[in-house]
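# got a predicted structure here, sequence first:
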Amino acid sequence: MQVSCLQQNLRRGLAIVGRAVATRSNLPVLQNVKIATEDSMLVLTATNLDIAITTRIGAQVEEEGEITIPARLLTDFVNSLPDERIDIKTSVEPLSIGLKCQRFEANINGTDAEEFPPIPTVDEGATIKVDPQVLRETIAYVAFAAATEDSRPVLTGIKVEVNGEDFTFAAADGFRLAVYDGKLTEPLPEPTEFIIPAKTMQEVGRLIGGDDSEVEFTVTSAGTHALFNIGTVEIVSQLMPGSFPNFRSLIPSEHRNRVIVQQSDFMRAVRSASIFARDGSGIVRVQIMGDEEGSGISISSRAEELGDNQGEIDGEVEGEVDDQSRIAFNNKYLSEVLDVLGDGEIAFEITSASSPGVVRSVSKEGYTHVVMPMFVQW
């Protein structure tokens, strides 16, 4: 193989596929990136067997070829080079790659590309088309609520349901649930549903830029893999087996109190309470207020040996306010959903201290976030 490309293009391509490089593996080649030529392009591929990322960059190809190179070493060296042309040439004995950029040179030993695991092909199945910004927002609103531990593997994924032009993404970790309902750009002929790793969707979200072109992802008819096409990048991911919980049954059908507040005010009060909550089991107490002095929310926390705090914010309260209009949460779960929702009005709904609380964005009708309460002595 003998090719030339720009340093900034190779640097960007390695950063994209580097997200799929295995950090620890019994198969050393998974810590490599595969470099190949195809149709006058340089093709970079990395995989950890759960997810594979491929990207193409423009190059001047003088001689075809392919090889795998340790990803971290190659990336670190390319990042250190000036923003100029890089000449790349492979050698057979020993099997290696030589890089030259201005007055900088390096030789890196590699392995035969045939040792690299084959990337599953996804050439037929249900093709889902969605606006890229809608998909990026959906991922941001849902993926963070998925579990990060493998004690219940199915909860590390996102349940996706598609029916006609409607789609639903749902993620839960046993303490919270995030659900987003949206629209496809084209209806799907047949209903479909599957579970995809949240990590895969987070990578998809990172790769979606400001481009307005549709994002297409194809799910195999056997329900084993999904392929995402995002510009010059392809992501192939395994789908997850198992049964996802009936998340709709976890969403309260009614509420006793509802209050609408500004996200910035709510976030500030929760952050303030979180300072004391660090030494108080992470508990933040939320009480809805409604009397002659005003209406809104009181957010408080306390650490037995250190002290306590309380903050109040104004809001529009619905429902009769009494001693039951209060609830306690883990400050982490409350802070994370408020942070994701961003500026604007937030609707906060509770039924009782022992029932889940619901957080919604007033401007995003399709989004629902459910947080399980913590049991405390008031």
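Great, that's in hand. Keep in mind it's a predicted model, so treat the numbers as computed, not measured.
# how many residues are close by E93?
Around E93 there are 5 other residues, counting by other Cβ atoms under 10 Å. C-betas here are computed from N, CA, C, even on glycine.
# so that it lines up with my notes, have the first residue be 16 from now on.
Sounds good: first residue 16 from here, last item E108.
# where in this structure is pLDDT low?
225-228, 295, 307-308, 393 (pLDDT under 70).
# domains of the protein?
Segmentation of the chain into domains, based on automatic domain parsing, reads 17-130, 141-263, 267-386.
# the chain: helices as residue ranges?
Ranges of helices within the chain are 22-32, 86-95, 147-157, 213-222, 278-292, 346-356, based on DSSP state H.
# tabulate those (TSV), appending distance to E231 and mean neighbour count.
Below are the helices of the chain laid out as TSV (distance: least, Cβ to Cβ, whole Å; neighbours: other Cβ atoms under 10 Å):
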stretch	distance to E231	mean neighbour count
helix 22-32	18	20
helix 86-95	27	16
helix 147-157	10	21
helix 213-222	11	21
helix 278-292	33	20
helix 346-356	25	20
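# dump those helices to JSON lines, plus distance to E333.
Below are the helices of the chain laid out as JSON lines (distance: least, Cβ to Cβ, whole Å):
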{"stretch": "helix 22-32", "distance to E333": "47"}
{"stretch": "helix 86-95", "distance to E333": "54"}
{"stretch": "helix 147-157", "distance to E333": "24"}
{"stretch": "helix 213-222", "distance to E333": "34"}
{"stretch": "helix 278-292", "distance to E333": "16"}
{"stretch": "helix 346-356", "distance to E333": "19"}
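# out of those, which comes closest to L114?
helix 86-95 (7.0 Å; Cβ to Cβ).
# what is the closest one packed up against?
With contacts taken as 3 or more Cβ pairs under 8 Å, 6 or more residues apart in numbering; DSSP states H and E, helix 86-95 sits against helix 22-32, strand 47-53, strand 111-116, strand 119-124.
# 10 Å instead?
helix 22-32, strand 47-53, strand 56-62, strand 81-85, strand 111-116, strand 119-124 (3 or more Cβ pairs under 10 Å, 6 or more residues apart in numbering; DSSP states H and E).
# so what sits opposite the nearest residue to V32 once chain neighbours are set aside in the bridge?
Of all residues not flanking V32 in the chain, A61 sits nearest, at 4.1 Å (Cβ to Cβ, 6 or more residues apart in numbering). Here A61 sits in beta bridges with I68, going by DSSP bridges.
# right, and A61 touches T83 too?
Yes: with contact defined as Cβ atoms under 10 Å, A61 reaches T83; the gap is 9.4 Å.
# what residues are shared contacts of those two?
Here A61 and T83 have L45, Q46, N47, V48, K49, F131 as joint contacts, going by Cβ atoms under 10 Å, 6 or more residues apart in numbering.
# let me have the residues you listed in CSV, extended by neighbour count and distance to N261.
Output for the shared contacts of A61 and T83, formatted as CSV (neighbours: other Cβ atoms under 10 Å; distance: Cβ to Cβ, whole Å):
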residue, neighbour count, distance to N261
L45, 20, 36
Q46, 18, 40
N47, 26, 42
V48, 25, 41
K49, 25, 41
F131, 21, 41
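# pick the one among these closest to M389.
L45 (40.9 Å).
# from T153, how far off is the closest one?
30 Å (Cβ to Cβ, to the nearest Å).
# nearest to V251, out of the helices and strands packed on helix 86-95?
strand 56-62 (8.1 Å).
# for the stretch 116-265 of the chain, which segments count as strands?
Under the criterion DSSP state E, counting those that start in this stretch, the stretch 116-265 of the chain contains strands at 119-124, 141-145, 172-187, 191-212, 230-234, 240-245, 248-253.
# about what we covered before: compare the helices of the chain and report which one is nearest to S166.
helix 213-222 (14.9 Å).
# send me that closest one as PDB with only the CA atoms.
C-alpha atoms of helix 213-222 as PDB (Å, rounded to 0.1, in the frame of the first residue of the first chain):
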ATOM      1  CA  ALA A 213     -27.000   2.800  24.800                       C
ATOM      2  CA  LYS A 214     -23.200   3.200  24.100                       C
ATOM      3  CA  THR A 215     -23.900   2.700  20.400                       C
ATOM      4  CA  MET A 216     -26.500   5.400  20.300                       C
ATOM      5  CA  GLN A 217     -24.300   7.800  22.200                       C
ATOM      6  CA  GLU A 218     -21.600   7.300  19.600                       C
ATOM      7  CA  VAL A 219     -24.200   8.000  16.900                       C
ATOM      8  CA  GLY A 220     -25.200  11.200  18.700                       C
ATOM      9  CA  ARG A 221     -21.600  12.400  18.900                       C
ATOM     10  CA  LEU A 222     -21.100  11.800  15.100                       C
END
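# what packs against that helix?
Helix 213-222 packs on helix 22-32, strand 66-73, helix 147-157, strand 172-187, strand 230-234, strand 240-245, strand 248-253, going by 3+ Cβ pairs under 10 Å, 6+ apart.
# any idea how far it is from the chain center?
Offset of helix 213-222 from its chain centre (Cα atoms, centre = their mean, to the nearest Å): 5 Å.
# do stretch 265-278 as well
On Cα atoms, centre = their mean, the centre of stretch 265-278 falls 26 Å from the chain's centre.
# related to what we said a few turns ago, can you redo the helices and strands packed on helix 86-95 as JSON lines with distance to F243?
Formatted as JSON lines, those follow (distance: least, Cβ to Cβ, whole Å):
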{"stretch": "helix 22-32", "distance to F243": "13"}
{"stretch": "strand 47-53", "distance to F243": "19"}
{"stretch": "strand 56-62", "distance to F243": "14"}
{"stretch": "strand 81-85", "distance to F243": "23"}
{"stretch": "strand 111-116", "distance to F243": "29"}
{"stretch": "strand 119-124", "distance to F243": "30"}
